[in-house]
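In: Give me the fold of what follows.
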Amino acid sequence: MKVPIRTTANGTEYWDSEAKKVLFVPAGMRPSFEVTESPKTMLHKGETVKPLEEPVFSLEGMTATQLREYAEENNIEVPGNLKKPDTIREYIEEQLAVDED
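Out: Presented below is the predicted three-dimensional model:
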């Protein structure tokens, strides 16, 4: 059983109760495993669990390397002459806007 335990700006952590370890899924990515929401075995009597809110995905704060990795995962070719994170971010946002049209 894998349950979400913490969400940050970088992604979501899940507890794998079988392997007894934490799994990390970066923001904007979907887990490659089945997630158990509000398992009864982890609740105390009478306790209710508030479901995790979906984190708001943002390219802000990402390094140039992280932005290039994100672009590659989303089939966006970033020109080699773009070096600064701000220019790479703007280029990716433009490409995503074009894809939505």
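In: Strands of the chain, residue ranges please.
Out: Shown for the chain, the strands assigned by DSSP state E span residues 2-7, 11-16, 21-26.
In: I'd say Lys84 and Thr63 touch.
Out: No: using CB atoms under 8 Å, Lys84 makes no contact with Thr63, being 10.6 Å away. Where you see a C-beta, it was placed from the backbone N, CA and C, and this is true even at glycine.
In: residues touching the most centrally placed residue in the chain, list them.
Out: Central residue of the chain (CA atoms, centre = their mean): Ala27, 1.5 Å from the mean position. Taking CB atoms under 8 Å, 6 or more residues apart in numbering, we find Ala27 in contact with Ala9, Asn10, Gly11, Thr12, Pro55, Phe57, Ser58.
In: And the second one, how far from Glu69?
Out: The reference is to Asn10. 13 Å (CB to CB, to the nearest Å).
In: What is the neighbour count of Ala71?
Out: Ala71 has 20 neighbours, counted by other CB atoms under 10 Å.
In: what's the answer for Glu37, then?
Out: 9.
In: Tell me the pLDDT of it.
Out: pLDDT for Glu37: 76.
In: quick one: it from Ala9, how far?
Out: Between Glu37 and Ala9 the computed distance is 22 Å (CB to CB).
In: coming back round to it: out of the strands of the chain, which comes closest to Asn75?
Out: Among the strands of the chain, the nearest to Asn75 by CB to CB is strand 21-26 (17.0 Å).
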